[in-house]
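> Next input, structure requested:
(2 chains)
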There are 2 protein chains.
Amino acid sequence: MSGGMDVRSETTAGDGEEDDLLLQLRRLEISDNGKGFVELLSQLSPATGPLSDADFRARFADLAAFGDDHLIVVAEDRHTGRIVATGSVFIERKFLRGGGKVGHIEDVVVDAAARRRRLGQRVVRYLSNHARAAGCYKVILDCTPDLRSFYEKCGFAEKNIQMALYF
Amino acid sequence: MSGGMDVRSETTAGDGEEDDLLLQLRRLEISDNGKGFVELLSQLSPATGPLSDADFRARFADLAAFGDDHLIVVAEDRHTGRIVATGSVFIERKFLRGGGKVGHIEDVVVDAAARRRRLGQRVVRYLSNHARAAGCYKVILDCTPDLRSFYEKCGFAEKNIQMALYF
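Coordinates of the predicted model:
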């Protein structure tokens, strides 16, 4: 479903036509390990080190097996050939609500050098649209309180607290 | 891995030996649709209606396909043959943290008539142990603020906020 998504329709008023063409959103591809995808994730989680091509391919295959139940979107800067924004969503299938589905957004990050271009909003909208098209009744995510207003701009509302147990 | 888990080792000081035998935790089975599993979920989410056997089996098969990456635990009261507690965890595979894994706990509920027997803590511990054994670096969940102290007793700490977008 996302493969047929019209990226232009996602363009916000703040994006110029030219910027839109240079920064189209698309699904992660196996060649993206050479385009800075994992380095970009390290801006989100400093404990992230580089992945060997073999490890990258193995994880890529793990996730591809989920089909449309797991999606990673990336924005590649066509000038530099680098990945400058990404985010993921996976679809959880439940027994409650008549066998309802929930989208979980994870690992949204925009390259520090590519901010102020509404890329984050475009990524979140892409992922939310995917969850809606998959039949989810809601999409959720966890974030630090300083990102509340950003996600409110994306249509989200604060709902609960997140608890964590680190091993 | 969870199949070999020793339920006795999960027993807390507050559980009597007899109670432990009558309320052993085990994985959800396809026959549990007749034991009140979905009705129990409706205590968590009032929008939950009954599932036909066909719909229950279809969702069960969807989730079984994930193998140990998705687990639903239940406690069956052996006196009544009813499911009185449940919770689920799914394992998310990431590219960050060297291809790290995160456990997501969802849909923890204890029957209102079966409270005060530490069943909730046993369910959460069962799910957390599963995530740890699966190699997760953390396990996370979202809850209302009134459940903060319950999850703190289970070893969790408040970390972030949850944002939601309903369709």
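
> Which stretches in chain A count as helices?
Assigned by DSSP state H, chain A shows helices spanning A:17-22, A:37-42, A:53-64, A:96-99, A:119-133, A:148-153.

> Make CSV from those helices and add mean neighbour count and mean pLDDT to it.
All C-beta spots, glycine's among them, are computed from the backbone N, C-alpha and C. Listed next are the helices of chain A as CSV, based on neighbours: other C-beta atoms under 10 Å in any protein chain shown; pLDDT from 0 to 100:
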stretch, mean neighbour count, mean pLDDT
helix A:17-22, 12, 63
helix A:37-42, 20, 93
helix A:53-64, 14, 93
helix A:96-99, 18, 90
helix A:119-133, 22, 97
helix A:148-153, 14, 97
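
> Of these, which is nearest A:Val74?
helix A:37-42 (6.5 Å; C-beta to C-beta).

> For the closest one, which helices and strands make contact with it?
Helix A:37-42 is packed against strand A:82-93, strand A:101-110, helix B:96-99, with contacts defined by 3 or more C-beta pairs under 8 Å, 6 or more residues apart in numbering or on different chains; DSSP states H and E.

> how about these in TSV, adding distance to B:His70?
Converted to TSV, the helices and strands packed on helix A:37-42 look like this (distance: least, C-beta to C-beta, whole Å):
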stretch	distance to B:His70
strand A:82-93	9
strand A:101-110	13
helix B:96-99	19
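
> just for chain A, where's the confidence low?
Applying pLDDT under 70 to chain A flags the ranges A:1-21.

> Distance of the residue most central in space within it relative to A:Phe156?
Chain A has A:Gly87 as the residue nearest its centroid, 1.6 Å off, counting by C-alpha atoms, centre = their mean. In this view, A:Gly87 and A:Phe156 are 13 Å apart by C-beta to C-beta, to the nearest Å.

> which residues touch A:Phe156?
Residues near A:Phe156 by C-beta atoms under 8 Å, 6 or more residues apart in numbering or on different chains: A:Leu141, B:Met163, B:Ala164, B:Leu165.

> Oops, could you answer that again for A:Gly36 instead?
Contact partners of A:Gly36, counting by C-beta under 8 Å, 6+ apart, are A:Arg82, A:Ile83.

> how about it, phi and psi?
A:Gly36 adopts backbone torsions of phi 90, psi 20, taken as degrees, to the nearest 10.

> A:Val84 and A:Glu76 touch, don't they?
Yes. Assessed by C-beta atoms under 8 Å, A:Val84 is found in contact with A:Glu76 at 7.3 Å.

> Touching both of those two, which residues are there?
Counting by C-beta under 8 Å, 6+ apart, the common neighbours of A:Val84 and A:Glu76 are A:Leu23.

> hang on, the earlier thing: quickly note the distance from the closest residue to the residue nearest to the centre of chain A other than its chain neighbours to chain B.
Spatial nearest neighbour of A:Gly87, chain neighbours left out: A:Val108 (3.8 Å); criterion: C-beta to C-beta, 6 or more residues apart in numbering or on different chains. For A:Val108, the distance to chain B equals 11 Å [C-beta to the nearest C-beta, to the nearest Å].

> ok, A:Val108 - how many residues close by?
A:Val108: 23 surrounding residues under other C-beta atoms under 10 Å in any protein chain shown.

> wait, what's in contact with it?
Contacts for A:Val108 (C-beta under 8 Å, 6+ apart) come out as A:Leu44, A:Thr86, A:Gly87, A:Ser88, A:Gly120, A:Val123, A:Val124, A:Leu127, A:Leu141.

> need the contact list for the residue sitting furthest away from the middle of chain A.
Distance to the chain centre peaks in chain A at A:Gly98, reaching 27.4 Å (criterion: C-alpha atoms, centre = their mean). Taking C-beta under 8 Å, 6+ apart, we find A:Gly98 in contact with B:Thr48, B:Gly49, B:Leu51, B:Asp55.

> Confirm for me that A:Phe95 is in contact with B:Ser42.
No. Using C-beta under 8 Å, A:Phe95 and B:Ser42 do not qualify as a contacting pair, with a distance of 10.2 Å.

> where do the contact lists of those two overlap?
Residues touching both A:Phe95 and B:Ser42 (C-beta under 8 Å, 6+ apart) are B:Thr48.

> I'd like to know how many residues surround A:Pro145.
A:Pro145 sits with 9 neighbouring residues when counted by other C-beta under 10 Å.

> and the gap between it and A:Gln162?
Between A:Pro145 and A:Gln162 the computed distance is 11 Å (C-beta to C-beta).

> Quickly list what's touching both of these two.
Taking C-beta under 8 Å, 6+ apart as the criterion, A:Pro145 and A:Gln162 both touch B:Asn160, B:Ile161.

> about what we covered before: dump the contacts of A:Phe156 into CSV; add distance to B:Ile72 and neighbour count as well.
As requested, the contacts of A:Phe156 are arranged in CSV below (distance: C-beta to C-beta, whole Å; neighbours: other C-beta atoms under 10 Å in any protein chain shown):
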residue, distance to B:Ile72, neighbour count
A:Leu141, 23, 27
B:Met163, 26, 26
B:Ala164, 22, 17
B:Leu165, 25, 21
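
> Just the closest of the residues you listed to B:Asp69, please.
The nearest one, if we look at the contacts of A:Phe156 relative to B:Asp69 and count by C-beta to C-beta, is A:Leu141, at 20.1 Å.
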